[in-house]
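**Student:** Coordinates for the following, if possible.
(one chain, ligands or ions: 1)
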Amino acid sequence: MNRVLRPIFQQTVGALSGHRANNKLLVLTYHRVLAEYDPVIDEVDAVQFTRQMETLAEYFNVVSLEDGLDQMQAGTLPSSSVCITFDDGYRDNYDVALPILSALNLPATFFIATGYLGDGIMWNDVVRQTIKSTSLKQLDLQEFSLGRVLIDTEQKKVELIEKLLGHIKYHQVDHRIGMVNRLRDIAEVEISERLMMNEYEVKELSRAGMEIGGHTVNHPILTCANDDEARNEIVQGKLFLEKLLGKRLKFFAYPNGQAGKDYNERHMRLVEQAGFDAALTTNNGVIDKDSGAFDLPRICIDHTTKFKFGVSLARGYVQYAN
Ligand SMILES: [Zn+2]
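**Tutor:** Residues are numbered from 1 along each chain as shown. A predicted model of the protein is given here:
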C-alpha cells in the first residue's frame, strides 16, 4: 500500500474498529478482470485486481455473501466486512480472477447470465470489441443519430463506446441485437474471441468454493420486458444453473440493477417467488439491517487505479457507517 493510501485506510478502519459488530456490509461489484491493461476497454486488470484483493485481505474482513447476510441478521457481523461479487459471467473471471482470489483465500459470488455461456457475447461487448478492433478511422453512424464519427485516437474510441452504449441500452433485446449487428457491419469487424465462461468453467468456480448466483438468461432490462418474460428470464436462469451445479441458487442480481429504472417492486416479488433468498442491485450503498432482502445495494468498482479504489472503499464506509 502506498504512502498516500495508507493513512486513509488507517483512519477508516480505525474509525470503524469502535463498532465491534457494526452491521454494515459493503458489497463490491466487478465485471471483467482483464489479463492485461487495455486503454479502450475500461475495466480492472490483473495487476490492479491483485493489489485490490491484497488490500481487502489485509485491511477488511472478506466474507461470503451468505455468511455476511447471516451474520448481519444475527447481529454478529464484524466491522469492515466486505463481499466480492462479479456480474455477467466473463471468462476472465475464471482465467484471471479465480487464481488471484484462491491464492488469497477470498470468497466471492459470481452472477451468471446463462444465455451467454460458451460462445455468447453480450451486446455491450460487441460494441466495445467492435470499436476497439476496427481498423477504420471514421464510421458513418447516422442510423445511431451520431453522424460521421472520427475515431483516430484511443480517447475518441472510448468516448464513442460510451455514446453507443447509452444509445442502445434501453431498447428491447431483439432490437439491440439488430443494432449491434449493424454496427459490426459498418465497422467491418468479426469477433472471434470467446469472452464468456463456458459451463465447465462455471462448475469449476463452484467446485473451488465460489458462490454462483442468478442473473437471468439473456440479461434483459427487466422493466423493458413484460411480466411473463421477466419471470421466465429469472426462473429459467435459476433452473439452468441449479441443474448444472446440482445445488440451490440463493442469490440473484438484477441486470443493470438500478431501482425504478431497471427493476421495480414487481421484479423483486418475481425474484422472491422464484425461490431466491436475496437480490443484489447496482444501487450505490452499504447493506445494513434495514436493507430489503431483494433490494440490496452494492459499490461498483469500475475505477482503474488503486488510489481511487481505496477512496471509494473508504467513502463507502465513511458515508454509511454511523
Ligand atoms: Zn449484468
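
**Student:** neighbours around residue 203, how many?
**Tutor:** Per other C-beta atoms under 10 Å, the neighbour tally for residue 203 reads 16. Using the backbone N, CA and C atoms, a C-beta is placed for each residue, glycine as well.

**Student:** That one reaches residue 243, doesn't it?
**Tutor:** No - using C-beta atoms under 8 Å, residue 203 is not in contact with residue 243; the gap is 11.2 Å.

**Student:** Residue 84 looks like it's in a strand, true?
**Tutor:** Yes - remark: residue 84 belongs to a strand, assigned using DSSP: H, G, I helix; E, B strand; the rest coil.

**Student:** Quick check, it in contact with residue 111.
**Tutor:** No - if you go by C-beta under 8 Å, residue 84 and residue 111 don't touch, sitting 11.8 Å apart.

**Student:** quick one: average confidence on the helix or strand harbouring residue 52?
**Tutor:** Assigned by DSSP states H and E, residue 52 belongs to helix 46-59. Averaging pLDDT along helix 46-59 yields 92.

**Student:** Not counting its neighbours along the chain, what's nearest residue 275?
**Tutor:** Spatial nearest neighbour of residue 275, chain neighbours left out: residue 238 (7.0 Å); criterion: C-beta to C-beta, 6 or more residues apart in numbering.

**Student:** So the one you found versus residue 99, what's the distance?
**Tutor:** Distance of residue 238 to residue 99, given as C-beta to C-beta, to the nearest Å: 28 Å.

**Student:** Tell me which of these two has more neighbours.
**Tutor:** Between residue 238 and residue 99, counting by other C-beta under 10 Å, residue 238 is the more crowded of the two (23 against 13).

**Student:** buried residues in the strand or helix carrying that one?
**Tutor:** Per DSSP H and E, residue 238 falls inside helix 227-245. By 16 or more other C-beta atoms under 10 Å, the buried positions in helix 227-245 come out as 229-241, 244-245.

**Student:** Same check on stretch 59-73?
**Tutor:** 59, 60, 62, 63, 64, 65, 66, 68, 69, 71, 72.

**Student:** Run through who's touching that stretch.
**Tutor:** Residues from elsewhere that reach stretch 59-73 (C-beta atoms under 8 Å, 6 or more residues apart in numbering): 9, 13, 21, 23, 25-27, 56, 77-85, 106-109, 211, 213, 250-251, 277-278, 280, 287-289, 293, 313.

**Student:** Do a quick rundown of the helices in this structure.
**Tutor:** 5-16, 46-59, 65-74, 91-92, 98-104, 123-133, 154-168, 173-187, 199-207, 227-245, 265-273, 306-320 (DSSP state H).

**Student:** and the fifth one, what does it pack onto?
**Tutor:** Using 3 or more C-beta pairs under 8 Å, 6 or more residues apart in numbering; DSSP states H and E as the contact criterion, the neighbours of helix 98-104 among helices and strands are helix 46-59.

**Student:** Run the chain-centre distance for the helix it packs on.
**Tutor:** Here helix 46-59 is found 17 Å from its chain centre; the criterion is C-alpha atoms, centre = their mean, to the nearest Å.

**Student:** residues from the stretch 1-150 of the chain in reach of the ion?
**Tutor:** 87, 88 (C-beta under 5 Å from the ion).

**Student:** ok, and the closest non-adjacent residue to the closest residue to the ion within the stretch 1-150 of the chain?
**Tutor:** At 4.0 Å from the ion, residue 87 is the closest residue in the stretch 1-150 of the chain, using C-beta to the ion. Closest residue to residue 87 apart from its sequence neighbours, by C-beta to C-beta, 6+ apart: residue 111 at 4.9 Å.

**Student:** Now that that neighbour has come up, it's in contact with residue 85, right?
**Tutor:** Yes - counting by C-beta under 8 Å, residue 85 is a contact partner of residue 111 at 6.6 Å.

**Student:** which of those two has more neighbours?
**Tutor:** Set side by side, residue 111 and residue 85 show more neighbours around residue 111, with 27 against 21, by other C-beta under 10 Å.

**Student:** Show me what from the stretch 151-300 of the chain comes close to the ion.
**Tutor:** residue 255.

**Student:** Now with 8 Å, please.
**Tutor:** Residues of the stretch 151-300 of the chain lying near the ion by C-beta under 8 Å from the ion: 215, 219, 253, 255, 256, 257.
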